[in-house]
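**Student:** Here is a sequence together with a model predicted from it:
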Amino acid sequence: MKPTVLIVDDEKHTRDGLRAALEEKYETFVAKDATEAARLMNDVPPDAVLTDLRMAGEDGMSVIDRALKLSPQPVCIMMTAYGDVETAVRAMNKGAYWFLQKPVDLRQVEILLERGLKARSTEKEVVALKTRLDRKFSLGEVIGSSNALTQAIEQVRTVAPSNATVLLLGETGTGKELFAQMIHQASPRSKGPFVAVHCAAIPANLLESELFGHERGAFTGANERRVGRFESADGGTLFLDEIGEIDATTQIKLLRFLETRSVERLGSHKPISLDLRLVCATNRDLRQMVAEGKFREDLYYRLSVVPLRLPPLRERRDDIPLLLTHYLKKFASENNTAEAKLSSAALTTLVQYGWPGNIRELRNTCENLAVLRAGKNVEVADLDPRFTQPAISPRPVVTPTTLGTMAPGVFDREQNEKNLLRQALASAGGNRTKAAEALGISRRTLHRKLLQWPELEASTPPPS
């Protein structure tokens, strides 16, 4: 059956023109005002609603309000005159999918309807997946309907029922732990434990004991037996985040577990058989680390049985308005304050921003606005200056043609990382907390980098 579209406009030529353009792909219904639209929605709940804002009697906002009370909610698109953009943004904050300025481009209408209905279909699939999750975890944090995100969710649905080891690849802040939990909760192991270990947060000399446990007297200070994280995850899922940070000894032990499905506590030679699912994550290029001799090649292939790439936010810009709306509401509710409202210019600025810290940076931004601009309109001037500064140039794409023309040192990963840290510290006036937030990393990670490269701190101004 064709999807149903309700067209609401008090101008007959607009109604008829839209109907003629859409009726080949959709079952179309038209209404000349909000009252007639309400009757049609009760008789035939539409899959999508395309409504004008300014009409005689009740306006298009009332049509949107009624439509969003339906279950399932239709895709709502508002048509506005140039001066009504602020009202359209309010409609999006309520749950409308998008808005168009009149006179509308028919091709754009078709594209938005297609995308919106696809997003609605994806949301139904997500709801179906939610029913398989335990109550202690939900997909409420997975917001968006972009192709990149939809593909990642589909991969989760495919791989979750298996026992295959999964390697989550993505930049800092893309939600790797969230996806690891999704894999666990959608798997037959969902009733078992989910144990997360952030490898970079544990000193190298303690990580081996933390993962594999130890016997009493195994080393100085080992006053009692300790059960490691591997044993704690037996029957469930073990999530190793920042797997690229583990040292050579731990890499060997991890490889042995993948080959034998057993571990030995430090100070013991008795193997302990375990039944667990291993999910790892990294924001580093493990292939490059293998080439540099910093990561075992055999371990890399054992970990990447199913590699799953999580898209950065700049590759799913269509999701940014939805994410902003969600988190502004969320933090307003948590802080018991009125919701901050984004102006159309502020929304455009945030959509165009590069978001190097991805979802984590966006969440922090929304929490900041929810507190400092509670109940107020957010204009561009109210945003942090970084949102209007020129973005750092992206890494050049290497092709056989450009390879010979690239400047010396472009492949020096350490130097590139130093330059990025130096820029962030300079932009933040030497403030480590702000620099870490801008980079989307923890303050501890930044501190560790500064200890590794003390010349960075010496070249940046003292905190103001």
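**Tutor:** Yes, it's here. Numbering: from 1, shown residues only.

**Student:** quick check: domain ranges of this structure?
**Tutor:** With domains defined by automatic domain parsing, the chain comprises 4-123, 147-309, 314-388, 401-458.

**Student:** Give me the neighbour count for residue 270.
**Tutor:** Around residue 270 there are 8 other residues, counting by other CB atoms under 10 Å. (Each C-beta comes from the backbone N, C-alpha and C, glycine too.)

**Student:** my read: it touches residue 264, true?
**Tutor:** Yes. Contact criterion CB atoms under 8 Å: residue 270 and residue 264 qualify, at 6.6 Å.

**Student:** ok, which stretches of the stretch 1-150 of the chain are strands?
**Tutor:** Taking DSSP state E, counting those that start in this stretch as the criterion, the stretch 1-150 of the chain carries its strands at 4-8, 27-31, 48-52, 75-80, 98-101.

**Student:** could those strands go into CSV alongside mean neighbour count and distance to residue 143?
**Tutor:** As requested, those are exported to CSV (neighbours: other CB atoms under 10 Å; distance: least, CB to CB, whole Å):
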stretch, mean neighbour count, distance to residue 143
strand 4-8, 25, 25
strand 27-31, 19, 29
strand 48-52, 26, 20
strand 75-80, 25, 16
strand 98-101, 18, 15
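
**Student:** right, and the ones you listed - which one's nearest residue 438?
**Tutor:** Checking the strands of the stretch 1-150 of the chain against residue 438 by CB to CB gives strand 98-101 as the closest, at 29.8 Å.

**Student:** What lies in contact with that closest one?
**Tutor:** 77-82, 85, 88-89, 91-92, 108-109, 112, 116 (CB atoms under 8 Å, 6 or more residues apart in numbering).

**Student:** One more: stretch 246-253?
**Tutor:** Residues contacting stretch 246-253 (CB under 8 Å, 6+ apart): 199, 204, 207, 208, 211, 212, 240, 254, 263, 295, 296, 299.

**Student:** Next one: the nearest residue in space to residue 85 that is not next to it in sequence from residue 88, what distance?
**Tutor:** Excluding the flanking residues, the one nearest residue 85 by CB to CB, 6 or more residues apart in numbering is residue 344, at 4.4 Å. Noted for residue 344: a distance of 8 Å to residue 88, by CB to CB, to the nearest Å.

**Student:** Can you pick out the residue with more neighbours from the two?
**Tutor:** The neighbour count for residue 344 versus residue 88, taken as other CB under 10 Å, is higher for residue 88 (24 against 14).

**Student:** Contact partners for the more buried one?
**Tutor:** With CB under 8 Å, 6+ apart, residue 88 has these contacts: 53, 78, 80, 96, 99, 344.

**Student:** And for residue 357?
**Tutor:** 172, 173, 364, 437, 438, 439, 440, 441.

**Student:** My guess is the fifth one contacts residue 426. True?
**Tutor:** So the one you mean is residue 438. No. Assessed by CB under 8 Å, residue 438 is found out of contact with residue 426, at 10.8 Å.

**Student:** These two: who's more crowded?
**Tutor:** residue 438 (20 against 13).

**Student:** What is the least confident helix or strand in this structure?
**Tutor:** helix 400-403 (a mean of 36; mean pLDDT, DSSP states H and E).

**Student:** picking that back up, got JSON lines for the contacts of residue 88, with pLDDT and distance to residue 178 too?
**Tutor:** Shown next, in JSON lines, are these (pLDDT from 0 to 100; distance: CB to CB, whole Å):
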{"residue": "53", "pLDDT": "88", "distance to residue 178": "36"}
{"residue": "78", "pLDDT": "88", "distance to residue 178": "31"}
{"residue": "80", "pLDDT": "84", "distance to residue 178": "35"}
{"residue": "96", "pLDDT": "84", "distance to residue 178": "26"}
{"residue": "99", "pLDDT": "84", "distance to residue 178": "30"}
{"residue": "344", "pLDDT": "90", "distance to residue 178": "30"}
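
**Student:** What is the burial count for residue 446?
**Tutor:** 20.

**Student:** what's the answer for residue 368, then?
**Tutor:** 15.

**Student:** Contact partners for it?
**Tutor:** residue 384 are the contacts of residue 368 under CB under 8 Å, 6+ apart.

**Student:** if you average pLDDT over the helix or strand where it lies, what comes out?
**Tutor:** Under the criterion of DSSP states H and E, residue 368 resides in helix 358-372. For helix 358-372, mean pLDDT rounds to 94.

**Student:** And for stretch 320-331?
**Tutor:** Rounded mean pLDDT across stretch 320-331 is 92.

**Student:** how far is that stretch from where the chain is centred?
**Tutor:** Per CA atoms, centre = their mean, to the nearest Å, the displacement of stretch 320-331 from the mean C-alpha position of its chain is 12 Å.

**Student:** Kindly report the same for stretch 240-253.
**Tutor:** 25 Å.

**Student:** Could you do stretch 76-84 as well?
**Tutor:** That offset, for stretch 76-84, works out to 29 Å (CA atoms, centre = their mean).

**Student:** next one: stretch 17-32
**Tutor:** 35 Å.

**Student:** for stretch 200-207, same thing?
**Tutor:** 27 Å.

**Student:** Which residues outside it are in contact with it?
**Tutor:** Contacts for stretch 200-207 (CB under 8 Å, 6+ apart): 199, 210, 241, 242, 245, 246, 247, 250, 442, 444, 445, 448.

**Student:** try it again with 6 Å
**Tutor:** 210, 242, 245, 247, 250 (CB atoms under 6 Å, 6 or more residues apart in numbering).

**Student:** Is there a quick ChimeraX command that grabs whichever of the residues you listed are buried?
**Tutor:** Listed next is the ChimeraX selection for buried residues among those, using 16 or more other CB atoms under 10 Å:
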select :210,242,245,250
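
**Student:** Stretch 103-113: which residues count as buried?
**Tutor:** Quick answer for stretch 103-113 (16+ other CB under 10 Å): 104, 109, 112, 113.

**Student:** pLDDT below threshold where in the chain?
**Tutor:** 1, 82-83, 123-141, 390-414, 455-464 (pLDDT under 70).

**Student:** Tell me which residues of stretch 237-247 come out buried.
**Tutor:** 237, 238, 239, 240, 241, 242, 243, 244, 245, 246.

**Student:** Identify the residues contacting residue 213.
**Tutor:** So residue 213 contacts 226, 227, 228, 265 (CB under 6 Å, 6+ apart).
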